[in-house]
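[1] Give me a 3D structure for the following:
(one chain, ligands or ions: 1)
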Amino acid sequence: MKMSELLQRAVDQKLLRALDAQFAMMVASDQQPAVMLAAALLSHDAGEGHVCIPLTRLTPGFCFAGRQPELAEQLFALAAIEGEWREVLLASDAVSEHDGATPLKLIGERLYLNRMWRNEQSVARFFGEENRAISLDETRIISVLNQLFEPAAETDWQKVAAVVALTRRISVISGGPGTGKTTTVAKLLAALVQLSDTQPLRIQLAAPTGKAAARLTESLGSALRRLPLDDAQKAALANDACTLHRLLGVQPNSQRLRYHAGNPLHLDVLVVDEASMVDLPMMAKLIAALPAHARIIFLGDRDQLASVEAGAVLGDICHYVTDGYLPERSAELSRLTGYSLPSGSGNKAGALRAGLCLLQKSYRFDSQSGIGQLAFAINASDVPQARAVFAKGFGDITKQTLREAEDYALMIAGVVEGYRPYLELIGAHAEPAAVLEAFARYQLLCALRDGPFGVSGLNTRIEQALLQKRLIERPQQAASRWYNGRPIMISRNDSSLGLFNGDIGIALDKGEGLRVWFPMPDGTIKSVQPSRLPAHDTAWAMTVHKSQGSEFDHAALVLPNQYTAVVTRELVYTAITRARHKLSLYADDRVLEKAIVTRTERRSGLMESFR
Ligand SMILES: Nc1ncnc2c1ncn2[C@@H]1O[C@H](COP(=O)(O)OP(=O)(O)OP(=O)(O)O)[C@@H](O)[C@H]1O
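    Residues are numbered from 1 along each chain as shown. Purely as a prediction, here's the structure:
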């Protein structure tokens, strides 16, 4: 049996993607079975979001996550590794260590796809060596900041974060929901405008999704309105956020971007919100397009789920946030903020650490908030604490067991009630704007795509229940999936229509037949004929991944009744922090508790690339 045939068998058994086997066959021939196998496993891991594969994982035990151990043994027997993987790989033309445009790179003990390695290198260089200090007149900084931040007896970390970002070209402000990231950045921008002596600063706001961009526009706008600024300063700061795709100039039907290292963006300050959703390739494109003089400020929550695509850039970078600042930097921050900031330990990643700040105090969730306390317990992987939160009976969280068929029926009934106000508005022929707003108040979230606990099964069951309750009507043609009130989510970008992955629209008949109505980033509403839409799914249920960057007054989370590896601490934390005022959790305790102690692993070399 040849390696290519065995890999094909793994594809047939859905252990590998066809793409993984094709890539492996392109990289190596059957005469180099070990290299072919390593390439297939690397490509497979890249598809799962890992940036590289450590050589220690090239063993039958790790192969296919322990599923099909016999096939894994056969593959490794055929690869017939004698000696070290290093030597076997480096003997191939397809692998190189340092320079060289080979498809695979072996860097230390990690094997990379060449493109991923280059991305990781450029991101590490950017946040490390390229993060230069920006010198400003200290007396002026102190005076401007003192107008924007109230004096406080305890260290005001928002003020520290603002100073961190004022004095470094690249900064990262991480914090959970309601810790004041937007408030801080509003004050930071106000300070920048006041400290700028030259022409008006060109400030741009961006986020990975349209939803997140719209939210940033709104929340930053309202934070800015509360600041003591004159009209000219307010005008300089009145900007709409756009998506990163739009910022970089993604062109329809083309891989090429309008803005890149050869044609940098026209801006002086860039604020990127929801940075946890920015994957490694997107981060590499973004920093390449940034002009050398421009500042960039990333806002995000390091504890949230990583991007769908490869890498966990924010998480890897923020790993260093708890190490504190080097002595010189903490002395500078102490001088400028007026707080005494102790320096941290060691000097690894000093340049990176100088640009980081963590906000921990939530102004949204007080001690009466079960959501806030549950988020805290989950983030600490503290199962007894999470149990205690449920036992206290907070008014803003409910938990319902989800094990038997009756539990499932009860859950569906709860979801129907959640969507009832929205459906009643449709019944009352409300305007699209009001309907869209109502839909955004409640959302069912789930971990999986398929099966009864995934998007597809839940959508079907919810539609059946809504039909039964006469809250929706059957589609006019049996084969059609369209009915008045059907919510959908776009799953493929269509820049000519201005619709992007994750955008939500509602099908409504306003007298011209059913059209799908979407809120646009500029606050307007646009309708599109169903037949013109790019790929989309029904959106009664959506995955937690897709909900990142959105918030709902009331969020409901359904976990599968059997544990599966995607249900991790980060997933549950991300889901529950989508809820502003109310959370309904439908889960089996064993599944929930296993999730709380299971971390999402994203293999990369970024953390160790910082010197
Ligand atoms: N220092 C503060 N003192 C009092 N209230 C504050 C402070 N900072 C923020 N807030 C309030 O807390 C709420 C959340 O703040 P903000 O929107 O800035 O947080 P965020 O981290 O950006 O939240 P999100 O998770 O929604 O992105 C707002 O109502 C804001 O006015």
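
[2] CA atoms for contacts and neighbours, from now on please.
    Noted.

[3] export stretch 462-470 as PDB, just CAs?
    Extracted as PDB, the C-alpha positions of stretch 462-470 are listed here (Å, rounded to 0.1, in the frame of the first residue of the first chain):
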ATOM      1  CA  ILE A 462     -37.900  26.000  16.100                       C
ATOM      2  CA  GLU A 463     -39.600  26.400  12.800                       C
ATOM      3  CA  GLN A 464     -41.800  23.500  13.500                       C
ATOM      4  CA  ALA A 465     -42.700  24.900  16.900                       C
ATOM      5  CA  LEU A 466     -43.400  28.400  15.500                       C
ATOM      6  CA  LEU A 467     -45.600  26.900  12.800                       C
ATOM      7  CA  GLN A 468     -47.600  24.900  15.400                       C
ATOM      8  CA  LYS A 469     -48.100  28.100  17.400                       C
ATOM      9  CA  ARG A 470     -49.100  29.900  14.200                       C
END
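
[4] can you pull out the strands in the stretch 401-550 of the chain?
    Using DSSP state E, counting those that start in this stretch, the strands of the stretch 401-550 of the chain run over 442-446, 487-490, 504-509, 514-519, 525-528, 536-538, 541-543.

[5] What helices and strands are in contact with the fourth one?
    Put plainly, it is strand 514-519. Secondary-structure packing of strand 514-519 (3 or more C-alpha pairs under 8 Å, 6 or more residues apart in numbering; DSSP states H and E): helix 432-439, strand 504-509, strand 525-528.

[6] Would you tell me which of the ones you listed gets closest to residue 351?
    Among the helices and strands packed on strand 514-519, the nearest to residue 351 by C-alpha to C-alpha is strand 504-509 (40.4 Å).

[7] still on that earlier bit, quick one, which of the strands of the stretch 401-550 of the chain is nearest to the ligand?
    Nearest to the ligand, of all those, is strand 442-446, at 16.5 Å by C-alpha to the nearest ligand atom.

[8] List of residues touching the closest one?
    With contacts defined as C-alpha atoms under 8 Å, 6 or more residues apart in numbering, strand 442-446 is touched by 415, 418-419, 453-455, 540-544, 547, 552-559, 575.

[9] And those, which of them are buried?
    415, 418-419, 453-455, 540-544, 547, 552, 554-559, 575 (16 or more other C-alpha atoms under 10 Å).

[10] Now, the contacts of strand 442-446 that are in helices?
    Residues of the contacts of strand 442-446 located in helices (DSSP state H): 415, 418-419, 455, 544, 547, 575.

[11] For the nearest residue to residue 18 once chain neighbours are set aside, which three-state class applies?
    Using C-alpha to C-alpha, 6 or more residues apart in numbering and skipping residues adjacent in sequence, the residue nearest residue 18 is residue 11, 5.8 Å away. Recorded secondary structure, residue 11: helix (DSSP: H, G, I helix; E, B strand; the rest coil).

[12] Measure how buried residue 11 is and give me the count.
    16 (other C-alpha atoms under 10 Å).

[13] For it, give its distance to the ligand.
    Distance of residue 11 to the ligand, computed by C-alpha to the nearest ligand atom, to the nearest Å: 41 Å.

[14] repeat for residue 14
    For residue 14 relative to the ligand (C-alpha to the nearest ligand atom), the value is 38 Å.

[15] That residue is in what secondary structure piece?
    Here residue 14 is covered by no helix or strand, with elements defined by DSSP states H and E.

[16] Count the neighbours of it for me.
    Neighbour tally, residue 14, other C-alpha under 10 Å: 11.

[17] Contact partners for the closest residue to the ligand within the stretch 251-400 of the chain?
    For the stretch 251-400 of the chain and the ligand, the shortest gap (C-alpha to the nearest ligand atom) falls at residue 363, measuring 4.2 Å. Applying C-alpha under 8 Å, 6+ apart to residue 363 gives the contacts 178-180.

[18] Would you format those as CSV with neighbour count, distance to residue 38 and secondary structure included?
    Output for these, formatted as CSV (neighbours: other C-alpha atoms under 10 Å; distance: C-alpha to C-alpha, whole Å; DSSP: H, G, I helix; E, B strand; the rest coil):
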residue, neighbour count, distance to residue 38, secondary structure
178, 18, 44, coil
179, 21, 44, coil
180, 22, 45, coil
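
[19] Might one say that residue 354 is in contact with residue 164?
    Yes: counting by C-alpha atoms under 8 Å, residue 354 touches residue 164, with 7.2 Å between them.
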